[in-house]
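>>> Provide a 3D model corresponding to the input given below.
(one chain, ligands or ions: 2)
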Amino acid sequence: MILLGDTIAAIATGASPGGVGVIRVSGPRAVEIAAGVIGVEPASLGREVRYAIARDAAGQRLDEVLAFAMRAPRSFTGEDVAEIHAHGGGANLAQLLAAVLAAGARAAEPGEFTRRAFGNGKLDLTRAEALLAVIESGSARAVRVNQELLSGSLAKALDQMEQRATEVMAEIEGSIDFPEDDLTLAPAGWAFQELSALRDQCARWVASFSVGKALRQGITVALVGSVNVGKSSLLNALAGQHRALVSSQPGTTRDYVEIRVEWNGVAVTLIDTAGLRSSNDEIESAGIELGRARAAQAEVVLQVSDQDFAADSAVDSRTILVRSKADLGGGVSSTGVLHTSATTGQGLDELRTRILQIATAGAVDGDDGVMLITERQRSRAQDAALRFGDAAQGLADGRPLEMLALDVRQAVHALAEMRGREVTERVLDEVFARFCIGK
Ligand SMILES: Nc1nc2c(ncn2[C@@H]2O[C@H](COP(=O)(O)OP(=O)(O)OP(=O)(O)O)[C@@H](O)[C@H]2O)c(=O)[nH]1
Ligand SMILES: [Mg+2]
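Ligands and ions are numbered 1, 2, ... in the order given. The predicted structure is shown next:
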């Protein structure tokens, strides 16, 4: 799809004051419009960078700039692009952009440059999403993961998977008239192995999404338990800072207290809550309620107690049983219970590890290093996993080959959607609306 659109322009650099700010212009008239503002034609990149004085329509001096052009299709968007590098500063750049718009460009929509790049086949949707993720990365680890995807690792893995699925489909369709002749379609034959492997691969990608999510948004961990069991002390010890009040008086914590830390590149918000007990104090009861509500939304809950847990204490998958004050002795180990001490630091490393394990569902990333980073990718991978699984099962059960072929075709369709092929304009609108203007 070639977008024969108009010419768009935007400030491409961040909002905070910087030494340099860039106005990006893209479209058929990009070079001509930039030339109108800076008084000379920007030379193509690789030849020369032009130094010039930018002026508005009335000839008023705006700024000293450097400018160059990238000619279609050898640019980010695949169109003619001109970049004007000016001094930074929001007001300064806004004046320059106004001059570019007055010269005939239209103000770009959020993500419109990247959308044009996508439309011109410069990157697929997984790379466009990775690009947004790189920009939004909040930690070094997030940058590494997102850069990997931006380099096209998921796109490449999807290509290979589509290739394999297409081969299986050809095999199935080729045998629809003569199924009995084909050993590869026997219940445990080659096609079954392939379909099962494809299903498992997609399922691993789905599992990797929670890691990506933890990386992007961070996780919250709530400490709950009775009064005086050492929740606030544990929070301080985990965070390595004295943040929450600690005292031997039961009911010390009334409001909830939050601390943000970074473990292993994952942003973790620790939430200390008011100790649970029945109370006639209105304020304390309200605090307990607040804590309860906050804990209900947390990815991980630390159930803290300074007494031994009953051997059959049932917990859900997001809860860790933490036996506190282990330095005082007397604790009896039971499976799944972690013994810690805020005083000596015992068990804290293990606790951090377990928290991260829960938040990332145990998976680090797909074994091919691929990690899904958007809900859109996750849902398409989930769909493909289901269809591949149905096809494999159908083969084992001897279902009609026409139905299996349909399953595989739908799986391939889901993979194509992941890459951004065969998707509706509405899906694209949603993806690119999350970008900032100028990207
Ligand atoms: N020996 C020992 N004492 C601890 C430890 N952790 C906490 N304590 C003591 O236990 C008492 C209660 O600690 P807090 O951290 O305030 O307990 P809490 O659960 O936040 O209490 P509330 O906010 O009242 O619900 C204090 O006297 C702490 O010094 C520990 O690991 N070892
Ligand atoms: Mg407390």
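>>> neighbouring contacts of stretch 148-155?
124, 126-127, 129-131, 133-134, 368-373, 377, 418-419 (CB atoms under 8 Å, 6 or more residues apart in numbering). C-beta coordinates here come from the backbone N, C-alpha and C atoms, glycine included.
>>> Tell me the buried residues in that stretch?
Neighbour counts over stretch 148-155 (16 or more other CB atoms under 10 Å) mark 148, 149, 150, 152, 153, 154, 155 as buried.
>>> Helix or strand with the lowest mean pLDDT in this structure?
Least confident helix or strand, the chain: helix 140-150 with a mean of 83, by mean pLDDT, DSSP states H and E.
>>> center of the chain, which residue is that?
residue 373 (3.5 Å; CA atoms, centre = their mean).
>>> for that one, helix, strand, or coil?
Under the three-state scheme (DSSP: H, G, I helix; E, B strand; the rest coil), residue 373 adopts coil.
>>> Report all helices and strands that the longest helix that the chain contains contacts.
Scanning the chain for the longest helix, with DSSP state H as the assignment, gives helix 190-217. Packing partners of helix 190-217 (3 or more CB pairs under 8 Å, 6 or more residues apart in numbering; DSSP states H and E): helix 140-150, helix 153-174, strand 266-272, helix 348-359, helix 375-397, helix 401-419.
>>> how far off helix 190-217 does the longest one point, in degrees?
Spelled out, it's helix 375-397. 160 degrees (axes from the mean of the first three to the mean of the last three CA atoms, to 10 degrees).
>>> Please state the offset of helix 375-397 from the chain centre?
From the chain centre to the centre of helix 375-397 is a distance of 22 Å (CA atoms, centre = their mean, to the nearest Å).
>>> for the closest residue to ligand 1 within the chain, what are its contacts?
Closest residue of the chain to ligand 1, CB to the nearest ligand atom: residue 275 (2.3 Å). Contacts of residue 275 were listed using CB under 8 Å, 6+ apart, and they are 225, 226, 227, 228, 229, 231, 250, 251, 252, 253, 288.
>>> returning to that earlier point: output the helices and strands packed on helix 190-217 in CSV, with distance to residue 12 appended to each entry.
Putting these into CSV (distance: least, CB to CB, whole Å) gives the following:
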stretch, distance to residue 12
helix 140-150, 17
helix 153-174, 24
strand 266-272, 27
helix 348-359, 34
helix 375-397, 25
helix 401-419, 26
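>>> picking that back up, filter the contacts of residue 275 by proximity to ligand 1?
Counting by CB under 6 Å from any ligand atom, 227, 228, 229, 231, 250, 251, 252, 253 from those sit close to ligand 1.
>>> filter those residues to the buried ones?
Among the ones next to ligand 1 among the contacts of residue 275, the ones that count as buried by 16+ other CB under 10 Å are 227, 228, 229, 231, 251, 252, 253.
>>> so how far is the lengthiest strand in the chain off the chain centroid?
In terms of residue count, the longest strand belonging to the chain (DSSP state E) is strand 61-70. Mean-position distance between strand 61-70 and its chain equals 35 Å (CA atoms, centre = their mean).
>>> Please apply the same query to stretch 351-362.
On CA atoms, centre = their mean, the centre of stretch 351-362 falls 18 Å from that of its chain.
>>> What's the mean pLDDT across it?
For stretch 351-362, mean pLDDT rounds to 82.
>>> neighbours around the closest residue to residue 201 other than its chain neighbours, how many?
Nearest non-adjacent residue to residue 201, counting by CB to CB, 6 or more residues apart in numbering: residue 161, 6.6 Å away. Residues near residue 161, counting by other CB atoms under 10 Å, number 23.
>>> What does the pLDDT read for residue 161?
96.
>>> quick one: it and residue 405, what's the gap?
Using CB to CB, to the nearest Å, residue 161 is found at 17 Å from residue 405.
>>> Enumerate the residues of the chain near ligand 2.
With CB under 5 Å from the ion as the criterion, the chain comes near ligand 2 at residues 232, 252, 253.
>>> Can you add pLDDT and secondary structure and give these back as a markdown table?
Output for those, formatted as a markdown table (pLDDT from 0 to 100; DSSP: H, G, I helix; E, B strand; the rest coil):
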| residue | pLDDT | secondary structure |
| --- | --- | --- |
| 232 | 94 | helix |
| 252 | 85 | coil |
| 253 | 85 | coil |
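>>> and which of those residues is nearest to residue 308?
Closest approach to residue 308 among the residues of the chain next to ligand 2 (CB to CB): residue 232, at 21.1 Å.
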